[in-house]
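Peer 1: Model the following, please.
(chains A, B, C and D, ligands or ions: 4)
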Protein chains: 4
Amino acid sequence: PFPQGSLKKRPQSKRITDLYRSIRAETERLAAPLSAEDQTIQSMPDASPTKWHRAHTTWFFETFILEPFLQGYSVFDPAFNYLFNSYYEAIGPRHPRPSRGLLSRPGMDRVADYRVHVDRAMECLLETADRPILDLIILGLNHEQQHQELLLTDIKHAFSRSPLFPIYKAAPSPPNVTLPPKIDWWPIKSGLYPIGHDASEKGFAFDNEMPRHTVFLEDYALADRPVSNGEYRAFMDDGGYERPEFWLSDGWAIVQAEHWDAPAYWRREGSAWQVFTLHGMQDVRDDEPVCHVSYFEAAAYALWAGCRLPREHEWEVAARRFHSDHEHTHSQHFHPASLTSSRQKAIRQDVWEWTASAYAPYPGYHAEAGALGEYNGKFMINQMVLRGRSCATPVGHDRITYRNFFPPQARWQFSGFRLAKDR
Amino acid sequence: PFPQGSLKKRPQSKRITDLYRSIRAETERLAAPLSAEDQTIQSMPDASPTKWHRAHTTWFFETFILEPFLQGYSVFDPAFNYLFNSYYEAIGPRHPRPSRGLLSRPGMDRVADYRVHVDRAMECLLETADRPILDLIILGLNHEQQHQELLLTDIKHAFSRSPLFPIYKAAPSPPNVTLPPKIDWWPIKSGLYPIGHDASEKGFAFDNEMPRHTVFLEDYALADRPVSNGEYRAFMDDGGYERPEFWLSDGWAIVQAEHWDAPAYWRREGSAWQVFTLHGMQDVRDDEPVCHVSYFEAAAYALWAGCRLPREHEWEVAARRFHSDHEHTHSQHFHPASLTSSRQKAIRQDVWEWTASAYAPYPGYHAEAGALGEYNGKFMINQMVLRGRSCATPVGHDRITYRNFFPPQARWQFSGFRLAKDR
Amino acid sequence: PFPQGSLKKRPQSKRITDLYRSIRAETERLAAPLSAEDQTIQSMPDASPTKWHRAHTTWFFETFILEPFLQGYSVFDPAFNYLFNSYYEAIGPRHPRPSRGLLSRPGMDRVADYRVHVDRAMECLLETADRPILDLIILGLNHEQQHQELLLTDIKHAFSRSPLFPIYKAAPSPPNVTLPPKIDWWPIKSGLYPIGHDASEKGFAFDNEMPRHTVFLEDYALADRPVSNGEYRAFMDDGGYERPEFWLSDGWAIVQAEHWDAPAYWRREGSAWQVFTLHGMQDVRDDEPVCHVSYFEAAAYALWAGCRLPREHEWEVAARRFHSDHEHTHSQHFHPASLTSSRQKAIRQDVWEWTASAYAPYPGYHAEAGALGEYNGKFMINQMVLRGRSCATPVGHDRITYRNFFPPQARWQFSGFRLAKDR
Amino acid sequence: PFPQGSLKKRPQSKRITDLYRSIRAETERLAAPLSAEDQTIQSMPDASPTKWHRAHTTWFFETFILEPFLQGYSVFDPAFNYLFNSYYEAIGPRHPRPSRGLLSRPGMDRVADYRVHVDRAMECLLETADRPILDLIILGLNHEQQHQELLLTDIKHAFSRSPLFPIYKAAPSPPNVTLPPKIDWWPIKSGLYPIGHDASEKGFAFDNEMPRHTVFLEDYALADRPVSNGEYRAFMDDGGYERPEFWLSDGWAIVQAEHWDAPAYWRREGSAWQVFTLHGMQDVRDDEPVCHVSYFEAAAYALWAGCRLPREHEWEVAARRFHSDHEHTHSQHFHPASLTSSRQKAIRQDVWEWTASAYAPYPGYHAEAGALGEYNGKFMINQMVLRGRSCATPVGHDRITYRNFFPPQARWQFSGFRLAKDR
Ligand SMILES: [Fe+3]
Ligand SMILES: [Fe+3]
Ligand SMILES: [Fe+3]
Ligand SMILES: [Fe+3]
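Peer 2: Residues are numbered from 1 along each chain as shown, chains lettered A, B, ... in the order given. Ligands and ions are numbered 1, 2, ... in the order given. I've put the predicted structure just below:
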């Protein structure tokens, strides 16, 4: 993370105080439909309990901002440093990640108290904070927004493991299914292109989006929308999950070991498919973008379709060219909307889009010294970059230069994909 | 289970109604100190969440008694049959045991409603129930008492995994440590002895305690009390956990793989030992019986001490001879009391006692037909019998013929042992 | 083991020298059909390479007899103590069992040299050995015979894992299938019976067969022959592998996890069954005893058949009553012979017979001090006793008091079973 | 694979026949020191038995060349297609990779017969083969050379697991240790550079080295030699393996789980280090390149040293600039030579060099249709590219455009690394 890119033209403290309040409140709003029991469970090591997300994001402010910078600040509970440190080796030992679901204590209410305690102290600090501290606060807020998305994807996974298939939030009544038009292709000419966040511009960016640098790209074209469920079903109907010729070797091994035959959360209901969503079990709609697929499935589909996945640079260059600033209004649903809509051509859609690029440092990247240097840099191996945003991404958190990343087998994020091709 | 042994001289319905109310209320009393989050977590596949115990014992009455015998009974929630069936294949498929900790729903309160719903129906049924049904109800109550003990041992295990080491219940102020006198030996002469519950006597017994049959025993002697922590520490100090010559081969493998160097829940604190209890972390007391040891540790100690563990028949024959009916008053503590007390010579102590006997059917045993035939019989492999009772056993639940059983590596029960020797 | 039982009336040295030569030669005769590669592979942790068996049995003589008792004996290779110690903790650390198949060195020929080196030294020692040493040599020879059987069962398992299904030895031409007559029942009256080897009698026995002691048995009857393939197929055809009501809980879990639907080494060939044998792939014959079943399968069959498995005491008492001394001539085949033959009524058949008895020490048993005390005693947990002998047991190695033992899930031995019932 | 890049200016059949003979003979020469037992064992799923390598490379010629193109060719043994297919899904099912060590049959001699059978047929085919077939033969020979290197690294791993630490080949007497001079830096200016094999040039290249394309590079510098053992020991002495700040998160997890504290094959001998080599156990020499390190260790060292690993493009561009055609003569040793030598400045050294580039297709890459399309393309995930060559790489097999690839945790190859830095 860190505010390298945002040192100039810093927003004033008042604006940041408002931002702080609204983002912190949003976390609680997202947790509100969940009972104490819901907030406690952990359904796989990659996912964390709601309660843990609420406490960890609070710990982040306490550890990296209040402890060093607010004189006289008194730590809420010394045990929490061990419990809610996620992965910062420089901070010290921590509770094992796969055992987060064993933490019945602190309870939901005590976590709420923790948040209040830290928020009060943060309000004090915000009154007098200068730029370097404000930059850290903005980092903390972006961090909290990342966990807001994870809170949703993690509880979705947990609920999907319950035979009761609990509903997180009632669904709005859906429009009729109308298939989206065929994919159009956005053409890009070969040449040198700038990539990444320009540190001299205003606005926050994570450190992994910098430094801005130059790449050479050959001619290519990018699809003007993600692949739909309907299109993905044609791949399935053509034996996509039974034909090794489309699959990377490691992907084929998972398909067989895990008996994958559809995206995650899909299940057969007679001859039809249903999908588990945060709004409950629904029919699979052909006009929605395919979602909860792994990189392996995205790559297999692309090969089957005679195309390929875009490299992250290709995605970014096309996005810069073809996006519109006001293209997206958050639906406040927690499921991808139909592709048939005014938003159809937007680069930022309701699903994260797998790219063909391994997550690696940009030329010239150096992680900061100290604990916050662990934020992004140490994960740059065995992960693929996703671009865009999803229906679970908080409003205002996405950017054209944003680099999300997950291992190629991950499916519990709202992950889809868009095709590319050489020209 | 089952009421084979208790068909004659059946207590009247009124007495059973009182018993029903008090045992059902005791479960809720045991769960009361636990928060919604506490009641949800599962720390290992062998252990179950508190909430699950509360619901499963209720499901037992609903499934085996109300559904078949109460006309017009309406099932509380059809999904619960899948969620709260423990292991009855004849009843149908069920939620996987290792995933019980993922059940945030039904919540604690809905489980309370479930209990009320079933209790009301049971009260109706009790008004008119005749013997065979009353026998089933007594079985259900004994079943619930077994789960009361498990509720305690399971939450103890879960709490032991938390870095916060939560306290289930405040500890009473303990007496000073006074070492118990040396072990005395109860002698038994060789001969033919009856073993097991006599079905013609009044009183409940599980099916695995029957039929009564005859065994021939050689001369032997049984220790008049369990081994104490102080004695066990002498074994530890003599290198007990580092000397393979005392250990069964499988036990030695576990010692090395799991780095066992003391009973479960013990941890080194400088040069002293502490032990995690339901009353919190405490100093290890030399006058308490050693507890939370596996069969392997019990057998290793016995070999080191130049003795052996008693066979279950030997335990029972000596118990019949040397017990006193009024020997034990439940301490209402959830930790073994000091051996130095008036209860010292009691056969039924505060720890279950490992015997040298594999859990096997008595000659002539036949499991009942139907689902309840799965209660005991299908577990008669790879388990060792424990006799006696523990500080967590409900008052009135123990019997001289009672056969508890666990795999030899299990340590999360309140398990200790008593020595025997040939004469 | 040990020669406790054989101290009196010791055979002279000459006879033992002959025995030594013939048993040692038999091992080499059994290994002869196997190539260097065949002798090297290990197909599961429980099984050992042929080469390892040849070396380990030699190490046994070197370590327990030559080193302590032959003055001036020079160890063949000091590294072999680490490589070929099986499980004797008192002897020191050893090569991990699951990695025996990684020992390409010493090669087959060097192992042959090792055997010659030790045999020469043993011949020297035999010239002057007195009783205690002769007793150890007899133990060593019985040990080698046990490994002869394992050599066969282990290479059978290894070959079964090869897509080529190698043939260990050509099969004799088989007689026509003639179904054996229905089972007859040998009745035994209730009473006190002696069990185990009498140390005052001549003849070798392992320590786990002693001391002789008394048991009380109720009336029972034992089948006069093992269950046949034909009978077992009726169980299979009746859904035996799909009906949990016949199975112990742990057994049912294995059936499902391992997809068991027949004895080990059986495989479907259209609508028929074939079985892999040391003579190659053959049709399953209904007149052979069922073989390569686990304890779980034996117990499930018995329950299905309305019978039970005999306890080991019951087997021994009936064997004493009904066996004939000259009942069995070794077929020199390595597959169970048809039950339809003059040998039909013999107590000692071509398959080991699972009993309902857990492997436990006899009353009064004490393992010897020192390394040889580890021979049997430390395995007395989580194993079931098998009685009788099998087609792979060396001639002269079996006894009515012999206690073989394996974990209940083991199937790679020639294990079948015989029914019993109460009367 | 495939001969796209070599369609023009094809060498005549005579030259290829000579090449065929010499490369095939080299495989047998490499296997010659190994006994039948040595050639059979498999010490981990990633490694294969020698015998398997000898048969699989033969199967490659039989399957992809003789079967389709030699009229009347009779397959040596139909079972071999199942046994020796490595990973070609299009060819059909195959023996599971982790079970290659269970294949005692076919024996070493029969594999030799297989090689002769195929070689004879190949000689026939070579007499008349035209270009497309000759191209396939060249692919088959390059494939065999890759397996020659694997044969060596795999037997090294297997021998390292033996307590006897067998010697593959006697070591030449080594020169004295003379530390290499400090690293010099080769500077490269920013600009557009061509990358990859030019298909219009003569000479073979694998498909993953094509197509040639353009990249833009910033200013950088590449070290003129790999990092030495001496330098790596300074990292170790500075707590390199205990300080998480240098490690990627996944790397740190392995360091802790596997207790890594030095390169693979190193072991402490008092206060010194020894290393297991194909020439036996040796002292670690400070003047040799560090070897058998994972990508994680290479990256951690680079961070500690204030540098970074080169991207594969950077390596290739510098190699093109600074290599000399005659720079390397194969030492015929199977251990990296000292860096202090005339070869010091060579780009192609005795260790493969990890780069910072994930293995991905070059822009415009398309795997061929059919089974041979599986040769490289389907592994382009979760692997890092290594450049250069090693002491085990066959003479003539390396190229500046060569892309080797292994998962970041792999250590059993001769893998070292070279530093880079921005300027
Ligand atoms: Fe975080
Ligand atoms: Fe129960
Ligand atoms: Fe042995
Ligand atoms: Fe290959």
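Peer 1: CA only for contacts and neighbour counts going forward, please
Peer 2: OK.
Peer 1: ok, for the residue of the stretch 101-250 of chain A found nearest chain D, nearest residue in space, not its chain neighbours?
Peer 2: Here the stretch 101-250 of chain A gets closest to chain D at one residue, A:Leu248, 4.4 Å apart by CA to the nearest CA. Nearest non-adjacent residue to A:Leu248, counting by CA to CA, 6 or more residues apart in numbering or on different chains: D:Lys378, 4.4 Å away.
Peer 1: got it, and A:Phe296?
Peer 2: Leaving aside its sequence neighbours, A:Phe296 sits nearest to A:Gly251 (CA to CA, 6+ apart; 5.2 Å).
Peer 1: got a list of what the closest residue to chain B within the stretch 201-350 of chain A touches?
Peer 2: Nearest to chain B, among the residues of the stretch 201-350 of chain A, is A:Gly280, at 14.4 Å (CA to the nearest CA). By CA atoms under 8 Å, 6 or more residues apart in numbering or on different chains, the contact set of A:Gly280 is A:165-171.
Peer 1: near chain D too, which of the residues you listed?
Peer 2: Taking CA under 8 Å from any CA of the partner chain as the test, chain D is in contact with none of those.
Peer 1: Which one (most neighbours) among those residues?
Peer 2: Highest neighbour count within these: A:Pro166, with 22 neighbours (other CA atoms under 10 Å in any protein chain shown).
Peer 1: so it sits in a strand?
Peer 2: No. A:Pro166 is assigned coil when assessed by DSSP: H, G, I helix; E, B strand; the rest coil, not a strand.
Peer 1: ok, how many other residues are close to the residue of the stretch 301-423 of chain A at minimum distance from chain C?
Peer 2: Taking CA to the nearest CA, chain C has its nearest neighbour within the stretch 301-423 of chain A at A:Gln409, 24.9 Å off. A count of neighbours around A:Gln409, defined by other CA under 10 Å, yields 17.
Peer 1: so what's it closest to, chain neighbours aside?
Peer 2: A:Ser294 (5.1 Å).
Peer 1: So that neighbour sits against A:Phe417, correct?
Peer 2: No. Under the criterion of CA atoms under 8 Å, A:Ser294 is not in contact with A:Phe417, lying 9.5 Å apart.
Peer 1: Those two: who's more crowded?
Peer 2: A:Phe417 (32 against 25).
Peer 1: any idea whether the closest residue to the more buried one other than its chain neighbours is helix, strand or coil?
Peer 2: Using CA to CA, 6+ apart and skipping the chain neighbours, the partner closest in space to A:Phe417 is A:Glu353 (4.1 Å). Of the three states, A:Glu353 takes strand under three-state DSSP.
Peer 1: So is the helix or strand where A:Ala158 lies next to chain B?
Peer 2: Applying DSSP states H and E as the criterion places A:Ala158 in helix A:131-160. Yes. Using CA under 8 Å from any CA, a contact is recorded between helix A:131-160 and chain B, made by A:Ala158.
Peer 1: and A:Gly239, how many neighbours?
Peer 2: Neighbour tally, A:Gly239, other CA under 10 Å: 12.
Peer 1: same question, A:Asp109
Peer 2: By other CA under 10 Å, the residues close to A:Asp109 number 12.
Peer 1: in stretch A:177-185, what's buried?
Peer 2: Residues of stretch A:177-185 classed as buried: A:179-180, A:183 (neighbour count, 16 or more other CA atoms under 10 Å in any protein chain shown).
Peer 1: for stretch A:310-327, same thing?
Peer 2: Those would be A:310-319, for stretch A:310-327 by 16+ other CA under 10 Å.
Peer 1: so where's the stretch 251-400 of chain A shaky on pLDDT?
Peer 2: Counting by pLDDT under 70, the ranges of the stretch 251-400 of chain A that qualify are A:325-332, A:342-345.
Peer 1: try 80 this time
Peer 2: Within the stretch 251-400 of chain A, the segments meeting pLDDT under 80 span A:324-332, A:341-346, A:348.
Peer 1: give me the residue from it nearest chain C.
Peer 2: Counting by CA to the nearest CA, the stretch 251-400 of chain A gets nearest chain C through A:Ala257, at 14.4 Å.
Peer 1: Name whatever forms a beta bridge with the residue of the stretch 201-350 of chain A closest to chain B.
Peer 2: Beta bridges link A:Gly280 to A:Thr277, judged by DSSP bridges.
Peer 1: cool, A:Asn404 as well?
Peer 2: A:Leu386.
Peer 1: separation between it and D:Asp135?
Peer 2: Here the distance between A:Asn404 and D:Asp135 works out to 43 Å (CA to CA, to the nearest Å).
Peer 1: element containing A:Tyr193, please.
Peer 2: With DSSP H and E as criterion, A:Tyr193 is part of strand A:191-195.
Peer 1: Setting aside sequence neighbours, what's the nearest residue to the residue of the stretch 151-300 of chain A found nearest chain B?
Peer 2: Of all residues in the stretch 151-300 of chain A, A:Ser162 sits closest to chain B, at 6.3 Å by CA to the nearest CA. Sequence neighbours aside, B:Leu103 is the residue nearest to A:Ser162 in space, at 6.3 Å (criterion: CA to CA, 6+ apart).
Peer 1: so what's the residue nearest to A:Phe296 up against?
Peer 2: A:296-297, A:409.
Peer 1: Among those, which are located in strands?
Peer 2: In strands, judged by DSSP state E, none of these are found.
Peer 1: quick check, nearest of those residues to D:Thr214?
Peer 2: Nearest to D:Thr214 among the contacts of A:Gly251 is A:Phe296, at 27.4 Å by CA to CA.
Peer 1: Measure how buried that closest one is and give me the count.
Peer 2: Neighbours of A:Phe296 (other CA under 10 Å): 24.
Peer 1: go on, A:Gly270?
Peer 2: For A:Gly270, the number of neighbouring residues by other CA under 10 Å comes to 7.
Peer 1: One more: A:Pro163?
Peer 2: When neighbours are counted by other CA under 10 Å, A:Pro163 registers 15.
Peer 1: repeat for A:Gln274
Peer 2: Neighbours of A:Gln274 (other CA under 10 Å): 16.
Peer 1: Over to A:Gly72?
Peer 2: 9.
Peer 1: need the contact list for the residue in chain A sticking out farthest from the centre.
Peer 2: Largest separation from the mean C-alpha position in chain A: A:Gly72, at 35.7 Å (CA atoms, centre = their mean). Not one residue lies near A:Gly72 by CA under 8 Å, 6+ apart.
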